[in-house]
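Q: Fold the following, please.
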Amino acid sequence: MNLFSDIRRLVLSSLEILKESGTLPENLNFLNVTVEPPRDSLHGDMSTNAAMVLAKPAGVNPRVIAETLAELLMLDERVISADVAGPGFLNLGLTPEFWTSVIPVALAAGTDFGRSNMGGGLKVNVEYVSANPTGPLHVGHTRGAVFGDALASLLDFAGFDVTREYYINDGGAQVDVLARSAYLRYLEANGQEVEFVDGTYPGDYLVDVGLALKDKYGDSLVGKPEGIWLADLRLFATEKMMDLIRTDLGLLGIKMDVFFSEKSLYGTGLIESALADLNAKGLIYQGVLEPPKGKKPDDWEPREQTLFKSTEHGDDVDRPVAKSDGAWTYFAPDIAYHFDKVQRGFDQLIDVFGADHGGYVKRMKAAVSALSNAQVSLDIKLTQLVKLYKDGEPFKMSKRAGTFVTLRDLVEQVGPDVTRFVMLTRKNDAPLDFDFAKVQEQSKDNPVFYVQYAHARISSVLRKTSAVGIVSSSNDLKSLRHTGEMTLVKKLAEWPRLLELAAKHNEPHRIAFYLYELAGDFHALWNIGKDASQTRFFQEDNPTLSAEKVALISAVKVTLAAGLGILGVTPIDEMR
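A: Numbers count the residues shown, from 1 in each chain. I've put the predicted structure just below:
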């Protein structure tokens, strides 16, 4: 149930009447007509831009359209006012009964309130985390993991068929470095003194891998040349690191549907098949790239390479897929990986990358466009850095990883719910400050506490009313007319619309923002009740009135729980 969609349908049907009357031309389309909350609640309940967007193509003064449209809308029993503002915006006032109709819908749906079929079952692949399997996940990975997982849940809630995927970067030179570092820990486990030179991974997390290698090989690899043990240790250490990464993700409740190995692309013909597809489309050629803009590097020289005509699909320059010596570039397996996704039948692809991958966006979009004949969309979401603070000062935690703060460190410090919610309190492409003191304080400034406290407060009221036999009743709801109550009802009604907008733009942070606002409206009404007894949720001498108020806060509770569920945060029934 989306009340904003209901009124948009009313606006569109009224516009059709204006077509029939000749006020508007027959060929006019209404795709850009919106109905949304006004920026200022004093201007009404909903606002439509119909007159503004239709005036130019219709060749009619916008105020004329707005005034005529207002007359038609006033004929509907749900509309109590239709005021033309400025050059032609139309602000609508709607009956209280219209707004409170959302309460029984929310109660009937429970935590499925707002669930949508807008996705129509389209298959979406969300690839996120995809950290190199060379160590535990760090704080930067944590943000991408939480964002990607919440986005996947949001899209699922909005009716998409979602696959969560992790791309294991196990085909590059960094895995050789991992194997050499694990070998050093293996030697250490066999009683030898070792030195971690630059370019190796000194973190303690490889100590257990070294011990496991000793259990498997004894001392048979000690002193042996690299050629004997490198391949086996690559596989062994990668599997151990992926076990560690899976465990770390589990701390945040994240489970992937697919783990795709980069290594599986090599020697299997998958890279060759992807490039053959592009070649058949006339998009692969031999050529020399222009020198880099600005100061030319001293080691730059023109070399003929195998290039992908990515500029034909929106990129700034064509991109090399094979070097002059025939070796693949880093881009080639990425093309093959996305070709595999296209072949698997996904309708939409979403990649969650770190901010340092910004230069990869255009080339990957070009590749997917070319591989799918522009039939599959790719949205790349970049997650910015996370800075750790305590009481406003940069905060250093234990660094078991050797060089960075791990996901495990973070979750052990503040818990998974706080970690997840706070990571979504900023848009993904905005930097995030994570202050350990603030996220654990019990105040309005801590959004996690503020939302959880609202859910717990409602649970407390419901326990009290249930104990005396009062249950929610949405049969009438005519008593819910106080300004604070109507504010809360109208915020409830925004949920289905907000959810679809968040899914449309792939922005789960909108859910966190909405929950904070909904909690704020609830807490405000709670505080009003301290002075205005008629707004208190439990009216001891009036069970009928109490039942209506219980219906309202029960609807708020299920909405909070639905939103928290999307974010992967557990609703709390009682604060400790």
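
Q: What does residue 288 show for phi and psi?
A: Torsion angles at residue 288 (phi, psi; degrees, to the nearest 10) stand at phi -120, psi 130.

Q: and it, what does it touch?
A: Residue 288 makes contacts with 302-305, as judged by Cβ atoms under 8 Å, 6 or more residues apart in numbering. For the C-beta atoms, the positions are set from N, CA and C on the backbone; glycine is no exception.

Q: Give me the pLDDT for it.
A: As predicted, residue 288 sits at a pLDDT of 91.

Q: Spatially central residue for the chain, please.
A: With distances taken as Cα atoms, centre = their mean, residue 151 lies nearest the centre of the chain, 3.1 Å away.

Q: Thought residue 470 was touching residue 547, still the case?
A: Yes. With contact defined as Cβ atoms under 8 Å, residue 547 reaches residue 470; the gap is 5.8 Å.

Q: quick revisit: return the members of the contacts of residue 288 classed as buried.
A: Buried subset of the contacts of residue 288 (neighbour count, 16 or more other Cβ atoms under 10 Å): residue 305.

Q: I'd like the contacts of residue 288 laid out as a markdown table, including distance to residue 24 and secondary structure.
A: Output for the contacts of residue 288, formatted as a markdown table (distance: Cβ to Cβ, whole Å; DSSP: H, G, I helix; E, B strand; the rest coil):
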| residue | distance to residue 24 | secondary structure |
| --- | --- | --- |
| 302 | 60 | coil |
| 303 | 61 | coil |
| 304 | 60 | strand |
| 305 | 57 | strand |
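
Q: How far off centre is stretch 443-459?
A: 22 Å (Cα atoms, centre = their mean, to the nearest Å).

Q: I meant stretch 358-373, not that one.
A: Distance, centroid of stretch 358-373 to centroid of chain: 21 Å (Cα atoms, centre = their mean).

Q: Equivalent analysis for stretch 519-530, please.
A: Worked out by Cα atoms, centre = their mean, stretch 519-530 lies 29 Å from the chain centre.

Q: Show me what that stretch is in contact with.
A: By Cβ under 8 Å, 6+ apart, stretch 519-530 touches 444, 450-451, 453-455, 457-458, 482, 484-485, 487-488, 491, 535-537, 553, 556, 560.

Q: Between residue 547 and residue 470, which is the more surrounded one?
A: Taking other Cβ atoms under 10 Å, residue 547 and residue 470 do not tie; residue 470 has more neighbours (23 against 20).

Q: excluding its backbone neighbours, what's nearest that one?
A: The shortest distance from residue 470 to any non-neighbouring residue, by Cβ to Cβ, 6 or more residues apart in numbering, is to residue 546 (4.9 Å).

Q: avg pLDDT for the helix or strand hosting that neighbour?
A: Using DSSP states H and E, residue 546 sits within helix 543-567. Mean pLDDT, helix 543-567: 96.

Q: Now do it: which elements does it pack against?
A: helix 102-109, helix 139-157, helix 447-467, helix 483-504, helix 509-528 (3 or more Cβ pairs under 8 Å, 6 or more residues apart in numbering; DSSP states H and E).

Q: just these: most buried one?
A: Highest mean neighbour count among those (mean count of other Cβ atoms under 10 Å): helix 139-157, with a mean of 25.

Q: List the contacts of residue 282.
A: residue 309.

Q: you'd agree the residue nearest to residue 470 is up against residue 552?
A: No. Under the criterion of Cβ under 8 Å, residue 546 makes no contact with residue 552, lying 10.8 Å away.

Q: Walking through the stretch 151-300 of the chain, point out its helices one by one.
A: Ranges of helices in the stretch 151-300 of the chain, per DSSP state H, counting those that start in this stretch, are 173-189, 207-217, 226-251, 270-280.

Q: quick one: which of the ones you listed is nearest residue 105?
A: helix 226-251 (35.4 Å; Cβ to Cβ).

Q: Just the mean pLDDT for that closest one, thanks.
A: 97.

Q: Between helix 173-189 and it, find me the angle.
A: Computed by axes from the mean of the first three to the mean of the last three Cα atoms, to 10 degrees, the angle separating helix 226-251 from helix 173-189 equals 100 degrees.

Q: Any stretches of the stretch 401-550 of the chain with poor pLDDT?
A: 401-403 (pLDDT under 70).

Q: that older thread, let me see the contact set for the residue nearest to residue 470.
A: Residue 546 touches 465, 470, 537-540, counting by Cβ under 8 Å, 6+ apart.

Q: Check residue 565 too.
A: 111, 153, 571.

Q: again with residue 111
A: 558, 561-562, 565.

Q: So it versus residue 27, what's the distance?
A: 45 Å (Cβ to Cβ, to the nearest Å).

Q: If I look at the residue of the chain most remote from its centre, what pLDDT would I see?
A: Residue distances from the centre of the chain (Cα atoms, centre = their mean) peak at residue 223, which lies 48.9 Å from the mean C-alpha position. pLDDT for residue 223: 94.

Q: Pipe the helices and strands packed on helix 543-567 into JSON lines and attach distance to residue 312 per row.
A: Shown next, in JSON lines, are the helices and strands packed on helix 543-567 (distance: least, Cβ to Cβ, whole Å):
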{"stretch": "helix 102-109", "distance to residue 312": "47"}
{"stretch": "helix 139-157", "distance to residue 312": "30"}
{"stretch": "helix 447-467", "distance to residue 312": "45"}
{"stretch": "helix 483-504", "distance to residue 312": "28"}
{"stretch": "helix 509-528", "distance to residue 312": "34"}
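
Q: Out of those, flag the one nearest residue 33.
A: Nearest to residue 33, of those and by Cβ to Cβ, is helix 483-504 at 14.8 Å.

Q: For the stretch 1-150 of the chain, which segments count as helices?
A: Using DSSP H, counting those that start in this stretch, helices in the stretch 1-150 of the chain cover 3-21, 50-58, 62-73, 96-100, 102-109, 139-157.

Q: Give the rounded mean pLDDT of the shortest one.
A: For helix 96-100, the mean per-residue pLDDT is 97.

Q: Tell me the spacing between residue 388 and residue 504.
A: 33 Å.

Q: now do residue 428
A: 15 Å.

Q: Likewise for residue 33?
A: 16 Å.

Q: same thing with residue 574?
A: 36 Å.

Q: before we move on, what about residue 140?
A: Taken as Cβ to Cβ, the span from residue 140 to residue 504 is 27 Å.

Q: ditto for residue 457
A: For residue 457, the distance to residue 504 - Cβ to Cβ - is 32 Å.

Q: Likewise for residue 132?
A: 32 Å.
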